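S.K.: build me a structure from this.
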Amino acid sequence: MTIDYLISILLPMLEGARATVILFIIAIIASIPLGFLLTLAVRSSIRPLSWLASSYIYVMRGTPLLLQLLFLVFGLPHIPGIGQYLVIDRFVAACLGFILNYAAYFAEIFRGGLLAIDKGQYEASKVLGLNKFQTLVHIVLPQMFRIALPAVANESVTLVKDTALLYAVAVPELLHFAQTAVNRDFTIIPFVMAGIIYLLITICLTFIFKWLERRLQYE
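M.R.: Numbers count the residues shown, from 1 in each chain. Predicted coordinates:
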């Protein structure tokens, strides 16, 4: 196994890793705020809104992410009457699938964070004359995020690994290029290299979240 061969398979795999990282960034940026909005909707006093948000979370967490991706990429165009208007780029559809799925998981994480906050803090904020919005921004959110951060970090690492599901919907990413090299060259080396790249991405992500945890401990 020569250096030239390793470089020849590494370059396209790095291109695939770029798609993996882009998908992760898009999904994490969009799904975390959406997840928090879902948490607020579930806790809303408006019954229909709370019921809809809860049902959404149950459906997204109760069905496989792969099935959701297959539905968005291959299923939407076959909906009678409107399917022709729902044909979208596969990478965009995959991003949408990851956002919608992980928002449900983050919603449950944030709900747990909110439940962990002592109710006495809400009463104290009233005594201080804070309204609901001020209480949310200055009291609730900082504590909720600090409590939920380890679970968010764990879910984010899972998100990185789940990007391999792009392979199933024919979106070129890291695993796609590794599989192509394996089939062409009859060697498992590309799989090993893909595993190393995934590991390096998750290690970097873990260090970032550890740094955030240390920062929040001293605030």
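S.K.: which element follows the host helix or strand of E15 toward the C-terminus?
M.R.: Assessed by DSSP states H and E, E15 sits inside helix 3-42. Later in the chain than helix 3-42, the nearest helix or strand by DSSP H and E is helix 47-62.
S.K.: list the buried residues in the helix or strand just after that next one.
M.R.: Heading C-terminal from helix 47-62, the first helix or strand you meet, by DSSP H and E, is helix 65-70. The neighbour-count check on helix 65-70 (16 or more other C-beta atoms under 10 Å) flags L65, Q68, L69, L70 as buried. Backbone N, C-alpha and C define where each C-beta goes, glycine included.
S.K.: measure the residue sitting furthest away from the middle of the chain to Q143 for me?
M.R.: Distance from the C-alpha centroid of the chain, by C-alpha atoms, centre = their mean, peaks at V127 (38.0 Å). From V127 across to Q143, the span is 17 Å (C-beta to C-beta, to the nearest Å).
S.K.: ok, back up a step: which one of the buried residues of helix 65-70 is nearest C95?
M.R.: Comparing the buried residues of helix 65-70 against C95 with C-beta to C-beta places L69 closest, at 10.2 Å.
S.K.: check contacts around the closest one.
M.R.: A93, A94, G97, F98, L165, L166, A168, V169 (C-beta atoms under 8 Å, 6 or more residues apart in numbering).
S.K.: quick one: which of those is nearest R47?
M.R.: Using C-beta to C-beta, G97 is the member of these that lies nearest R47, at 28.8 Å.
S.K.: was I right to think the closest one contacts P64?
M.R.: No. The pair G97 / P64 is not scored as a contact, 10.9 Å apart, by C-beta atoms under 8 Å.
S.K.: other residues contacting stretch 146-163?
M.R.: Stretch 146-163 is contacted from outside by 20, 23-24, 27-28, 32, 65, 98, 102, 105-106, 109-110, 112-113, 116-117, 173-174, 198, 201-202, 205-206, 209, 212-213, 216, using C-beta under 8 Å, 6+ apart.
S.K.: any idea how many residues pack against G129?
M.R.: Using other C-beta atoms under 10 Å, the number of residues around G129 comes to 7.
S.K.: can you tell me how far it is from P142?
M.R.: 19 Å.
S.K.: check which helix or strand covers M144.
M.R.: Following DSSP H and E, one finds M144 within helix 141-162.
S.K.: in that helix, what counts as buried?
M.R.: 143-149, 151-153, 155-157, 159-160, 162.
S.K.: counting by contacts, list what the helix or strand following it packs against.
M.R.: Using DSSP H and E, the helix or strand that follows helix 141-162 in sequence is helix 174-185. If contacts are counted by 3 or more C-beta pairs under 8 Å, 6 or more residues apart in numbering; DSSP states H and E, helix 174-185 sits against helix 3-42, helix 189-217.
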